[in-house]
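output the structure for:
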Amino acid sequence: MPTTPATAANSSSNGASQAILLELVDEHGNTIGTAEKLEAHQAPGQLHRAFSVFLFDEQGRLLLQRRALGKYHSPGVWSNTCCGHPYPGEAPFAAAARRTYEELGISPSLLAEAGTVRYNHPDPDSGLVEQEFNHLFVGMAQAPLRPDPEEVGETAFVTPKELADRHAEAPFSAWFMTVLDAARPAIKELTGPSGDW
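All right, here's what the predicted structure looks like:
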């Protein structure tokens, strides 16, 4: 994936990681500053920009990922295809495409905006808080997946019924149902009336 000014600003030439900054926003999604990633998630949380991606295959099944066990936030739980945070000044659409490629090794097809949702979800296990203004995207997964094992523990394509069964039995991220419900109108438009989403 090509290096952009945003990705270059968040990496160094010797490969050592630097502090990752997030974009702080007001209740209307206007940028008001930046904060270090972990700091922004410390209780009570600082409202920051985020994104969530929902990709589907040709059969209208949703691609889920189980977050890798090494993740500092919500490890080992199932969630939507991809989620994350734009770098300061990075467009949410570009961030969504970039992060999907980094985590799953694919570039989404027909990626389209699906609105925004504002939420506040504490994670009781870690004590961290997701205080986010989240940009939603839907699209298609039309290439073989190549997940990064440091990010993704497992993937699964599921029908609505399979999702309901899995959601009843396995742990999911605190934000999953909030972002899924907010994205449903765009998902129905993408998958058609037979998709039952």
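
how much space between the residue sitting nearest the centre point of the chain and V77?
In the chain, the centroid-proximal residue (C-alpha atoms, centre = their mean) is C83; its distance is 0.8 Å. According to C-beta to C-beta, to the nearest Å, C83 and V77 sit 12 Å apart. Yep, even glycine has a C-beta here, placed from its N, CA and C like the rest.

rewinding a little: could you verify that the residue nearest to the centre of the chain is part of a strand?
Yes - membership of C83 in a strand is supported by DSSP: H, G, I helix; E, B strand; the rest coil.

pretty sure it contacts L55?
No - using C-beta atoms under 8 Å as the test, C83 is too far from L55 to be in contact (11.9 Å).

what's the longest helix belonging to the chain packed up against?
When the chain is parsed with DSSP state H, its longest helix is helix 176-191. On a contact count with 3 or more C-beta pairs under 8 Å, 6 or more residues apart in numbering; DSSP states H and E, helix 176-191 meets strand 48-56, strand 109-122, strand 129-140.

which of these is buried the deepest?
Neighbour counts (mean count of other C-beta atoms under 10 Å) averaged over each of the helices and strands packed on helix 176-191 peak at strand 48-56, with a mean of 27.

quick check: mean pLDDT across the next helix or strand after that one?
As assigned by DSSP states H and E, the chain's next helix or strand after strand 48-56 is strand 62-67. For strand 62-67, the mean per-residue pLDDT is 98.

what's in contact with strand 62-67?
Contacts with strand 62-67, where a contact means C-beta atoms under 8 Å, 6 or more residues apart in numbering, come from 54-57, 74-82, 103-104, 141, 145, 147, 151-158, 163, 166, 173, 187, 197.

name the nearest residue to the residue nearest to the centre of the chain, ignoring sequence neighbours.
Leaving aside its sequence neighbours, C83 sits nearest to S52 (C-beta to C-beta, 6 or more residues apart in numbering; 4.5 Å).

now L136. Nearest residue, chain neighbours left out?
Going by C-beta to C-beta, 6+ apart, L136 has A114 as its nearest residue, at 4.0 Å.

what sits against the one you found?
F54, L136, F137, V138, A182, A183, P185, A186, I187.

in the longest helix of the chain, what's buried?
Buried residues in helix 176-191, counting neighbours by 16 or more other C-beta atoms under 10 Å, are found at F176, T178, V179, L180, A182, A183, R184, A186, I187, L190, T191.

quick one: end-to-end distance for stretch 100-112.
For stretch 100-112, the first-to-last residue distance is 14 Å (C-alpha to C-alpha, to the nearest Å).

which ones are touching the residue nearest to C83?
N80, C82, C83, N134, H135, L136, F137, W175, V179, A183.

residues near the residue nearest to L38 when sequence neighbours are not counted, how many?
Excluding the flanking residues, the one nearest L38 by C-beta to C-beta, 6+ apart is Y72, at 7.3 Å. Counted with other C-beta atoms under 10 Å, the neighbours of Y72 add up to 10.
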